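Asker: Based on what follows, work out the 3D shape:
(one chain, ligands or ions: 1)
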Amino acid sequence: MGCIASKENSQDGHRERLSRKGSLDRRVSHVNSLRTDDGVRSKDKRNSGDVKVMLTDKKTRGSRRYHGDQIEKRRIEKNMVENYEVDAFCQTQIEKGKMEVFQDFSILSHPAWGKVPKCVEAEQVAAGWPSWLASAAGEAIRGWVPRRANTFEKLDRIGQGTYSNVYKARDVTHDKIVAIKKVRFDSGDPESVKFMSREIIILRGLDHPNIIKLQGLITSQTSSSLYLVFEYMEHDLTGLSALPGMKFTEAQIKCYMQQLLTGLDHCHSHGVLHRDVKGSNLLIDDNGVLKIADFGLASFFDPRSSAPLTSRVVTLWYRAPELLLGASRYGAAVDLWSAGCILGELYSGRPILPGRTEVEQLHKIFKLCGSPSEDYWIKTKLPRSSVIKPQRPYRRSVKETFKDFPAAAVGLMENLLSMDPAHRGTAAFALTTEFFTTKPFACDPSSLPKYPPSKEIDAKLRDEEARRQEAVARRSGPKESLAPNGHPDLPLSLQKKHNSVSQNSGKMVNSHKEQTVSGFMIDPSERRQAVREGRGDFMEHQRRKVSHSGPLAQGNGWTRTGKNFDNHNMVSGRHDLSTISGLVATRTILPGDHQEKPGVPQPELVNQVGRLQRSLNGLESSRKVDQNCQIKKMGDSPQAGAGKSSNKEPSLHGRGPKGNKIYVSGPLLAPSNNVEQMLKEHDRQIQEYARKRLDKTKHAKLKALGKQPTDSLMAASRH
Ligand SMILES: Nc1ncnc2c1ncn2[C@@H]1O[C@H](COP(=O)(O)OP(=O)(O)OP(=O)(O)O)[C@@H](O)[C@H]1O
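Answerer: All right, here's what the predicted structure looks like:
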């Protein structure tokens, strides 16, 4: 335990000591906005290098960072500092063992972290670890031995993600229930190995009651599979919110938000960005304890580093505007944006920004949060700002939109959903806002009601079953207005997507047949067989079919803002996020967090904008198009573009994936009454394009195999 210096000089000495360890207070420079006494947010101009120490309360794990001139009086809520001289207080707290000082904030981002000396690596391999793991994450597995699959009894499948299947299982050796996550990855692919080891390193490096604990790894030198063993959590926030009749109290919402922000604060103060905060990644146990899970997209960050990060992270509905605009240098604020979306969702009972494409997502954000100021565009020079920038500003409407929510909640949402990431504050700061300091206070997790096990996957099964029954009823009725398996509340284009994804999920499930030879004592597929012999279990069958990721809630009964809430901004909780293209961030596009070149628009987005624009051109002829948003010529400065007429065609050109020019022109967004129609058309065009691409590929494959393509494939290949 190191001493805490009270004066600049001694702190400099302290800093020097840290510096020698290669860890100068880098973790703390994201304390960049503070609230002044009059409640007005002000940018903290202090140099991040002034930050001296970070204190963490051992009990709540809430941390506080102190600048040189902040080392004076501090408040403590619950067990945090209050009206104490930090020096004296901390000394006492340390003596009492209640507080500790983090001296080395950079442990996770230290380049050597993850590596062990060659001799240790050899020992690990001898102990049965695969060499790729010993080499890439030796430090993270230090002290562990690989677990064997036959010491677990696989029970049900409880989750399915983009990269994984999650099972409930019994750890026979320790006689306890655990969750095991089988990750799809290829140990022969360096990128795959990098992501896998990063997830493991981060999970092992973070130790906090609000962060899921990795308990072990199931692997062997011969197996290509890797299973992560976690403590078992009965619920996730999406599943819990979707329980029929669920209504969270305000104290309960505060309780979940407090835990989420405390967990995020721990990540951020250890230099980790989660980058996929959403309801299905927030797990809750039977004691009401919330833990942040799924660090598959998490990354280390160092605000002083110039290394670019990818902007293709975070599930679309929870993705911060700077990411949508292509930022490659960002920080903890991206997680805070997602937390703001979760807060809104907990109150409103449905996702607050459910965009279907990146363009639509930005449009929804602009409508709710206002478009960024001119200063912001100039200051940030975000790559896509030259592609998508409203011609006249959108007014912020958070207060009006959520006027039925408690004022303190809206206050916090205003912070977290700031367009400028610098104004979002920090997780630690959010925990000190009025939302948490006024009544009703956050309740104790243990006082929360006990709920039946509820996962996102369960909510999906209920929806699937309801849809199936509805389809049966419709088929037997006089009218047949819906396609089989169709969502009654989804546009046809999305229904098609939904159906195709369901089919894909089915295929994926088949590919998991290999698990019957996985070495587990009991396999769910065998169990299913046994069950089927007893009763035809539709739910179990569906468990294998559904895909993952979606909204937090589907109308939980909290006071709705009803017509005050922008209907375009709302969707039924039944919509399956994973069925909508491009919504879920992928790992494959993160080759070492590659990034797009600044100023060069991302092809997918340009294509989207292009198609959107072309559909707008049709609308334009009726002269009903709003001139509010304009797409400017690529590479033009925002100022130059703003002066150009949007009626000219083409006014934007960029290059598509194969270097072909893409022309788009005119205003980006139509008036709100046309937006839905325009987006449907846009959506249809994307689908058609995707189908043609698929057909072309099939055609090429068949040709390569010397088989005769069908007429439709022939037609597609001619396009
Ligand atoms: N420790 C756990 N205990 C219980 N359930 C869990 C646990 N970990 C994950 N799950 C369930 O499995 C689901 C998917 O897990 P996870 O998010 O880790 O997978 P993923 O493949 O990374 O998903 P995504 O595609 O959303 O990124 C979660 O939403 C949750 O319902």
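Asker: Now for the nearest residue to Leu325 once chain neighbours are set aside, how many residues are close by?
Answerer: Nearest residue to Leu325, sequence neighbours excluded (Cβ to Cβ, 6 or more residues apart in numbering): Leu382, at 3.9 Å. In this view, the C-beta of every residue, glycine as well, is placed from N, C-alpha and C. As a burial measure, Leu382 scores 25 neighbours (other Cβ atoms under 10 Å).
Asker: Just want the phi and psi numbers for Leu382.
Answerer: Note on Leu382: its backbone torsions stand at phi -70, psi 140 [degrees, to the nearest 10].
Asker: I'd guessed it sits against Gly326; true?
Answerer: Yes. Using Cβ atoms under 8 Å, Leu382 is in contact with Gly326, at 5.5 Å.
Asker: Spit out the residues that contact these two alike.
Answerer: Common contact partners of Leu382 and Gly326 (Cβ atoms under 8 Å, 6 or more residues apart in numbering): none.
Asker: is any part of stretch 339-355 close to the ligand?
Answerer: No. Figure legend: stretch 339-355 not in contact with the ligand (Cβ under 6 Å from any ligand atom); closest approach 13.9 Å.
Asker: Next, the distance between the ends of that stretch.
Answerer: Stretch 339-355 has its terminal residues 17 Å apart, counting by Cα to Cα, to the nearest Å.
Asker: taking the mean pLDDT, what do you get for it?
Answerer: The pLDDT scores in stretch 339-355 average 97.
Asker: hang on, Leu290 packs against Gln259?
Answerer: Yes. Distance between Leu290 and Gln259: 3.9 Å, which falls inside the contact criterion (Cβ under 8 Å).
Asker: contact partners of stretch 134-141?
Answerer: Contacts of stretch 134-141 (Cβ under 8 Å, 6+ apart): 113-116, 120-121, 124-125, 129, 133, 193-194, 196-197, 200-201, 203-205, 217.
Asker: Grab the CA positions of it and hand them over as PDB.
Answerer: Provided in PDB are the C-alpha atoms of stretch 134-141 (Å, rounded to 0.1, in the frame of the first residue of the first chain):
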ATOM      1  CA  ALA A 134       0.100 -19.600 -22.900                       C
ATOM      2  CA  SER A 135       1.900 -17.300 -25.400                       C
ATOM      3  CA  ALA A 136      -0.900 -14.700 -25.800                       C
ATOM      4  CA  ALA A 137      -2.300 -14.600 -22.300                       C
ATOM      5  CA  GLY A 138       0.200 -16.400 -20.100                       C
ATOM      6  CA  GLU A 139      -0.200 -13.900 -17.200                       C
ATOM      7  CA  ALA A 140      -3.900 -14.200 -17.200                       C
ATOM      8  CA  ILE A 141      -3.900 -18.000 -16.800                       C
END
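Asker: Bridging across strands, which residues link to Asp171?
Answerer: Phe152, Lys176 (DSSP bridges).
Asker: ugh, typo on my part, it should be Gly216
Answerer: If you apply DSSP bridges, the partners that Gly216 bridges to are Val229.
Asker: Spell out which parts of this structure neighbour the ligand.
Answerer: 158-159, 161-164, 166, 179, 181, 212, 230-233, 236, 276, 280-281, 283, 293-294, 296, 455-456, 548-549.
Asker: Once you drop chain neighbours, what's closest to Gly411?
Answerer: Leaving aside its sequence neighbours, Gly411 sits nearest to Glu434 (Cβ to Cβ, 6+ apart; 5.7 Å).
Asker: likewise Ser311?
Answerer: In this structure, Ser311 finds its nearest non-sequential neighbour in Leu323, 4.6 Å apart by Cβ to Cβ, 6+ apart.
Asker: How much space separates the one you found from Gly288?
Answerer: Look at Leu323 and Gly288: by Cβ to Cβ, to the nearest Å, they are 31 Å apart.
Asker: any chance you could map the helices in the stretch 201-350 of the chain?
Answerer: Using DSSP state H, counting those that start in this stretch, the helices of the stretch 201-350 of the chain run over 237-241, 250-269, 321-324, 333-348.
Asker: Kindly reformat those as a markdown table containing mean neighbour count.
Answerer: Output for the helices of the stretch 201-350 of the chain, formatted as a markdown table (neighbours: other Cβ atoms under 10 Å):
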| stretch | mean neighbour count |
| --- | --- |
| helix 237-241 | 28 |
| helix 250-269 | 24 |
| helix 321-324 | 24 |
| helix 333-348 | 26 |
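Asker: can you list those in JSON lines and add distance to Leu705?
Answerer: Formatted as JSON lines, the helices of the stretch 201-350 of the chain follow (distance: least, Cβ to Cβ, whole Å):
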{"stretch": "helix 237-241", "distance to Leu705": "43"}
{"stretch": "helix 250-269", "distance to Leu705": "49"}
{"stretch": "helix 321-324", "distance to Leu705": "41"}
{"stretch": "helix 333-348", "distance to Leu705": "45"}
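Asker: Pro449: which of those helices is closest?
Answerer: With Cβ to Cβ as the criterion, Pro449 lies closest to helix 250-269 of those, at 8.5 Å.
Asker: quick check: mean pLDDT across that closest one?
Answerer: For helix 250-269, mean pLDDT is 97.
Asker: Nearest residue to the residue of the stretch 451-600 of the chain found nearest the ligand in space, please, no chain neighbours.
Answerer: Nearest residue of the stretch 451-600 of the chain to the ligand (Cβ to the nearest ligand atom) works out as Lys455 at 4.0 Å. In space, Lys455 comes closest to Gly239 once its chain neighbours are excluded; the distance is 4.1 Å by Cβ to Cβ, 6+ apart.
Asker: so how far is Arg170 from that neighbour?
Answerer: Gly239 is 21 Å from Arg170, by Cβ to Cβ.
Asker: pLDDT weak spots in this structure?
Answerer: 1-114, 477-518, 523-691, 693-695, 697-699, 701, 707-719 (pLDDT under 70).
Asker: correct me, but Tyr394 touches Ile365?
Answerer: No. Between Tyr394 and Ile365 there is no contact under Cβ under 8 Å: 9.1 Å.
Asker: Who has more neighbours out of these two?
Answerer: Per other Cβ under 10 Å, whichever of Tyr394 and Ile365 has more neighbours is Ile365, with 25 against 19.
Asker: quick one, phi psi at the more buried one?
Answerer: As for Ile365, its main-chain torsions (degrees, to the nearest 10) stand at phi -60, psi -50.
Asker: Please renumber the chain so that the first residue is 17 from this point on.
Answerer: Happy to do that; since the first residue is 17 now, the last one works out to Ile381.
Asker: OK, contacts around the nearest residue to it once chain neighbours are set aside?
Answerer: Closest residue to Ile381 apart from its sequence neighbours, by Cβ to Cβ, 6+ apart: Pro337 at 5.1 Å. By Cβ under 8 Å, 6+ apart, the contact list for Pro337 reads Trp353, Leu378, Ile381, Cys385, Pro388, Met435.
Asker: for Ala458, same thing?
Answerer: So Ala458 contacts Ala267, Lys270, Cys271, Met273, Gln274, Phe452 (Cβ under 8 Å, 6+ apart).
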